[in-house]
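J.: Okay, predicted coordinates and the sequence, questions at the end:
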Amino acid sequence: MKKPILISLNTRHTHAGLACAMLQGFWQRVPGRCPIDRIDHDLNMGTDSLVQELILRNPPLVGFSTYIWSLHQVLAVSGALKAAHPTTFILLGGPEVGHRADAILRDHPWVDAIIRGEGEATFEELMLRFTSGTDISGVAGVSHRRGSEIIHEADRPFIEDLDSIPSPFQLGLYGRGNGFTYYEASRGCPYRCSYCLSSVTGPWRSFSLDRVFADIDWFVASDYQQVRFADRTFNQDPRRAAAVLRHILQRQTGRIQFHLELKADILNQELLDLLGEAPPDLFHLEIGVQTTDPATLRAVSRSPNVDLLAEKIRQLRTHTRCHIHLDLLAGLPGETFDLFLRSLDEALSWNPNTVQVGWVKVLRGTALEENVRRGELSCSPMPPYAVVKTNWLTAEELVHIQDIGKMVEGIGNPGRFHRTLDLIVHACFQGAPSAMYRELARFWRATKRPFYQFGPDAVRDGLTLFIASLACPVQVLEQLRDLIRHEHRLTQKVPSGAAGPAPAFPKCGDGPSLKLVPGHRIFWYGTDPLVPADQAVKMSGAPMVYPVVYYHETDLSKTPRTEVLDLPLADRFVLAGVAAGAGLLSIATAWTNAGFDSEPISAWQDRQARLLAAGRLFDPAARRKPRTVEDSRQTREQGD
């Protein structure tokens with residue numbers, strides 16, 4: 001017997017859609033029913049192979065879970081299948097078709113039916129009719145054809161007992177998992193934000209805590225690396241949220257991460273304390289700021305206390321080790337370009353780990369469709385229905401905001417050049433990061449640099465040219481160039497490039513008694529990139545040179561990494577001198593010649609002894625040459 005098939009078209013191979021497995025599990029919870037197959041297809045692979053597979057399998061029914069990113073492909077695949085096998089029943093469901101069922105059925109005659117709203121109970125009844133050969137008329141929640149007529153059956157009530165839907169994970173429908181997965185601990189939303197589809201998905205309902213705890217236990221034992229809670233407000237019920245956090249904290253093994261969407265302004269102290277107990281990176285917290293302009297927030301039916309929101313985010317950054325991600329949304333009704341820039345500055349001032357700048361999409365079924373009808377917003381007629389201009393933002397300004405967002409995401413969020421960016425902002429843009437990102441975006445476009453390539457080399461090259469275009473003092477430019485080179489070296493597996501303006505180590509009759517442990521590399525700078533930027537600018541006018549010592553992993557069996565040794569300047573000078581083959585007297589002389597205060601040779605002997613003890617230097621006269629810092633430490637411990 002040929003099986004019906006449910007298909008999820010996913011944006012990447014590292015995760016599978018949740019909806020089809022929920023339908024599959026709900027249907028198969030009753031023994032004896034006909035089995036259903038499920039296909040999770042990666043859209044990056046194209047759809048030709050999927051069409052070919054479906055044609056060869058010739059299923060009696062194919063159901064597609066449909067979203068803004070997959071609508072075109074769903075229609076193309078289903079149309080091709082219907083052309084090959086006219087008797088195959090084509091069923092669509094999901095948010096992208098549920099709110100526009102009439103238009104989809106009217107314009108795409110190969111689609112036989114659409115499930116509107118919550119799908120499990122509707123799919124079950126439809127399948128019972130289909131497998132028994134009974135007409136589907138009267139099935140609540142379905143839009144379908146009757147001859148040339150399109151019929152919209154009555155809406156179906158929402159499922160009250162969510163535990164009646166089996167866990168697809170515990171049923172084994174995902175195997176042991178791979179990459180990351182979405183997970184529902186609740187459905188619906190009590191809020192009515194006009195841009196959000198969750199505002200029309202029904203009242204807030206939740207799975208029982210026992211069910212959620214059992215799923216968490218399964219995740220911890222699985223092969224997933226991250227679980228992304230799909231709950232729009234994880235902390236809607238603070239007591240319930242606290243119970244879930246406690247369970248995760250008790251079960252966590254350090255191998256899996258949990259992504260939670262929070263409403264920060266309603267965070268209570270208990271939740272803050274529990275999040276503060278978490279080890280680094282256990283929780284990835286996403287907080288929707290959208291805008292900090294009160295009038296714009298009211299225009300989209302949001303009313304958070306922005307001051308309280310800011311305070312809670314600062315507390316999360318200060319008292320927890322969670323990753324804090326903030327969302328901004330450009331193109332909302334009432335927000336001008338200047339208001340967007342102000343929102344960006346305020347969000348960045350709260351010191352999150354990352355900020356994402358998106359732009360509004362007029363999702364079908366949301367209240368923003370009324371703003372479009374009133375002529376306040378203009379959006380693309382095709383998915384993802386992005387707003388292209390508003391009564392408050394020109395089309396050109398929205399493009400520029402998109403460019404700014406790419407600069408924040410590609411250059412700011414990774415944190416590779418954070419000290420460079422901080423110095424640019426404070427020395428050249430009066431402390432306003434939005435002004436810096438605005439000019440950086442303009443520079444990137446003017447110099448025709450791609451907005452999708454933000455590897456360390458590309459960012460280094462772009463920033464180097466960008467700072468040269470700024471009207472900054474010479475001392476600031478010198479420090480910026482040094483910072484760019486320094487922070488770029490920290491991204492390399494083995495730090496490389498020109499050694500820099502090294503001083504001469506004069507011959508003073510003494511040779512080196514020790515050598516640098518392998519893995520250490522020395523580079524010289526005209527300013528010291530390891531001191532705070534304000535101090536570095538003040539010192540940069542002096543005729544001095546500054547060594548920086550990097551250590552890279554030399555064990556090929558380990559993950560490649562480079563770190564900088566945060567040592568006093570004189571200690572760095574000792575290591576640099578040893579690397580140059582100089583003895584202590586030569587190092588002390590070069591130090592004085594470079595413009596630093598003279599010190600007795602005993603001070604340099606003490607520094608050399610400390611570095612030897614720390615495993616940065618080794619004695620070549622020893623019986624075995626240490627290969628790494630760890631080897632050097634073991635040699636020292638054996639001698640003790």
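T.: Cool, got the structure. Residues are numbered from 1 along each chain as shown.
J.: Now residue 41: phi and psi?
T.: Dihedral angles phi and psi of residue 41 (degrees, to the nearest 10) take the values phi -110, psi 130.
J.: oh, I was asking about residue 554
T.: Torsion angles, degrees, to the nearest 10, at residue 554: phi -100, psi -10.
J.: State the distance from residue 34 to residue 23.
T.: In this structure, residue 34 and residue 23 are separated by 14 Å, where distance is defined by C-beta to C-beta, to the nearest Å. C-betas here are computed from N, CA, C, even on glycine.
J.: neighbour-wise, which of those two wins?
T.: residue 23 (25 against 14; other C-beta atoms under 10 Å).
J.: The more buried one - that's part of a helix, no?
T.: Yes - applying DSSP: H, G, I helix; E, B strand; the rest coil, one finds residue 23 inside a helix.
J.: Spatially nearest residue to it (excluding sequence neighbours)?
T.: If you skip the residues right next to it in sequence, residue 23 has residue 123 as its closest partner in space, 4.9 Å away by C-beta to C-beta, 6 or more residues apart in numbering.
J.: do residue 519 as well
T.: Nearest in space to residue 519, with sequence neighbours left out and distances taken as C-beta to C-beta, 6+ apart, is residue 554 at 4.4 Å.
J.: cool, residue 9 as well?
T.: Taking C-beta to C-beta, 6+ apart as the measure, residue 9 lies nearest to residue 70, with 4.0 Å between them; neighbours along the chain are not counted.
J.: Just give the number of residues close to that neighbour.
T.: 24.
J.: can you tell me which residues contact it?
T.: Residue 70 is in contact with 9, 43, 64, 96, counting by C-beta atoms under 8 Å, 6 or more residues apart in numbering.
J.: Quick check on the residues you listed: which are buried?
T.: Judged by neighbour count, with 16 or more other C-beta atoms under 10 Å as the criterion, the buried members of these are 9, 64, 96.
J.: Just send the residues you listed back as JSON lines, with pLDDT, secondary structure and distance to residue 367 too.
T.: Output for those, formatted as JSON lines (pLDDT from 0 to 100; DSSP: H, G, I helix; E, B strand; the rest coil; distance: C-beta to C-beta, whole Å):
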{"residue": "9", "pLDDT": "95", "secondary structure": "strand", "distance to residue 367": "28"}
{"residue": "64", "pLDDT": "98", "secondary structure": "strand", "distance to residue 367": "27"}
{"residue": "96", "pLDDT": "93", "secondary structure": "helix", "distance to residue 367": "17"}
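J.: Which one of those is nearest to residue 433?
T.: When these are compared for distance to residue 433, the smallest value, 35.8 Å, is given by residue 96; criterion: C-beta to C-beta.
J.: my guess is that closest one meets residue 66, correct?
T.: Yes - checked against C-beta atoms under 8 Å, the pair residue 96 and residue 66 is within contact range at 4.6 Å.
J.: how much space between residue 445 and residue 357?
T.: Plainly put, residue 445 is 16 Å away from residue 357 if you go by C-beta to C-beta.
J.: Can you pick out the residue with more neighbours from the two?
T.: In this view residue 445 and residue 357 are compared by other C-beta under 10 Å, and residue 357 has more residues nearby, 23 against 13.
J.: Pull the contacting residues for the more buried one.
T.: Residue 357 neighbours (C-beta under 8 Å, 6+ apart): 328, 330, 344, 401-402, 404-405, 408-409.
J.: And those residues, which is closest to residue 251?
T.: After measuring those against residue 251 - C-beta to C-beta - the closest member comes out as residue 409, at 32.5 Å.
J.: which residue lies farthest from the center of the protein?
T.: residue 509 (57.1 Å; C-alpha atoms, centre = their mean).
J.: you'd agree residue 398 is in a helix?
T.: Yes - under three-state DSSP, residue 398 falls within a helix.
J.: Can you check what pLDDT the model gives it?
T.: What the model reports for residue 398 is a pLDDT of 97.
J.: my guess is it contacts residue 332, does it?
T.: No - when contacts are counted by C-beta under 8 Å, residue 398 is not listed as touching residue 332 (11.4 Å).
J.: residue ranges with poor pLDDT in the stretch 451-600 of the chain?
T.: Residues of the stretch 451-600 of the chain meeting the criterion pLDDT under 70: 533-543.
J.: circling back to that earlier point, quick check, the residue nearest to residue 519 in contact with residue 517.
T.: No - under the criterion of C-beta under 8 Å, residue 554 lies out of contact with residue 517, with a separation of 9.2 Å.
J.: okay, these two: which has more neighbours?
T.: Per other C-beta under 10 Å, whichever of residue 554 and residue 517 has more neighbours is residue 517, with 25 against 17.
J.: end to end, how far does stretch 549-559 reach?
T.: Stretch 549-559 has its terminal residues 20 Å apart, counting by C-alpha to C-alpha, to the nearest Å.
J.: Could you list the buried residues of it?
T.: Burial within stretch 549-559, assessed by neighbour count using 16+ other C-beta under 10 Å, is assigned to 549-554.
J.: same check, this time on stretch 426-446
T.: Of the residues in stretch 426-446, 426-429, 432-441, 443-444 count as buried by neighbour count, 16+ other C-beta under 10 Å.
J.: now the strands for the stretch 51-200 of the chain?
T.: If DSSP state E, counting those that start in this stretch is used as the criterion, the strands of the stretch 51-200 of the chain fall at 61-65, 89-93, 113-115, 142-146, 149-152, 180-183, 186-187.
J.: Run the chain-centre distance for the fifth one.
T.: How far strand 149-152 lies from its chain's middle: 43 Å, per C-alpha atoms, centre = their mean, to the nearest Å.
J.: which ones are touching residue 617?
T.: Contacts here follow C-beta under 8 Å, 6+ apart; on that basis residue 617 touches 514-517, 575, 578, 608, 611, 632.
J.: okay, stretch 448-457 in CSV with CA atoms only?
T.: What follows is the C-alpha trace of stretch 448-457 in CSV, where atoms were taken according to Å, rounded to 0.1, in the frame of the first residue of the first chain:
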residue,chain,number,x,y,z
LYS,A,448,31.4,48.0,-3.8
ARG,A,449,32.3,45.6,-1.0
PRO,A,450,29.9,42.6,-0.7
PHE,A,451,27.5,42.7,2.1
TYR,A,452,27.7,38.9,2.6
GLN,A,453,31.5,38.4,3.0
PHE,A,454,32.6,39.3,6.6
GLY,A,455,35.5,37.0,7.2
PRO,A,456,38.3,38.4,9.3
ASP,A,457,40.5,39.2,6.3
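J.: can you give me how far it is from the chain middle?
T.: On the basis of C-alpha atoms, centre = their mean, the separation between the geometric centre of stretch 448-457 and that of its chain is 18 Å.
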